[in-house]
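1. my questions are about this predicted structure, shown below with the sequence.
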Amino acid sequence: EKLRSIELKDGDIFIASWPKSGTTWTQAIIAHLIASDRSTWNHASEITPFFDVQSSWQEIDNRLEPAANIQNFFQKRGRRAWNT
């Protein structure tokens, strides 16, 4: 329910694909476009975390914010990308 109240930002990217249709491949393409320096990340899910996975979020003042490690990355890149 709390995911519905998240404030979206201009420039947010949502990757939406059917299961077994190349989700990880699509994540990797977006990750390379956003963070071309491959030495700053190990797996595409670090750049494009799963939107509906609890570990992607932390609760602050009764609202959800991206988890600290994800928030740090988003701030460095100036853009957010989510896998749905």
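-> Right, received. Where do you want to start? Numbers count the residues shown, from 1 in each chain.
2. which secondary element of the protein has the worst mean pLDDT?
-> Every helix and strand in the chain was compared by mean pLDDT, DSSP states H and E; the lowest is helix 68-77, with a mean of 74.
3. now do it: which elements does it pack against?
-> Packing contacts for helix 68-77, counted by 3 or more CB pairs under 8 Å, 6 or more residues apart in numbering; DSSP states H and E, involve helix 44-47. From N, CA and C alone the C-beta is placed, and that goes for glycine too.
4. given whatever helix or strand comes next after the helix it packs on, what are its sheet partners and their directions?
-> Going down the chain from helix 44-47, the next helix or strand is strand 57-60, by DSSP states H and E. Strand pairing for strand 57-60, determined by DSSP bridges: strand 63-66 (antiparallel).
5. check which residues of the partner strand are buried.
-> Across strand 63-66, burial judged by 16 or more other CB atoms under 10 Å covers 64, 66.
6. stretch 28-44 now?
-> Across stretch 28-44, burial judged by 16+ other CB under 10 Å covers 28, 30-31, 34-35, 44.
7. and the gap between the closest residue to His32 other than its chain neighbours and Glu46?
-> Among residues not flanking His32 along the chain, Arg38 sits closest, at 7.5 Å (CB to CB, 6 or more residues apart in numbering). Separation of Arg38 from Glu46 (CB to CB, to the nearest Å): 11 Å.
8. now do Trp18
-> Distance from Trp18 to Glu46, counting by CB to CB: 23 Å.
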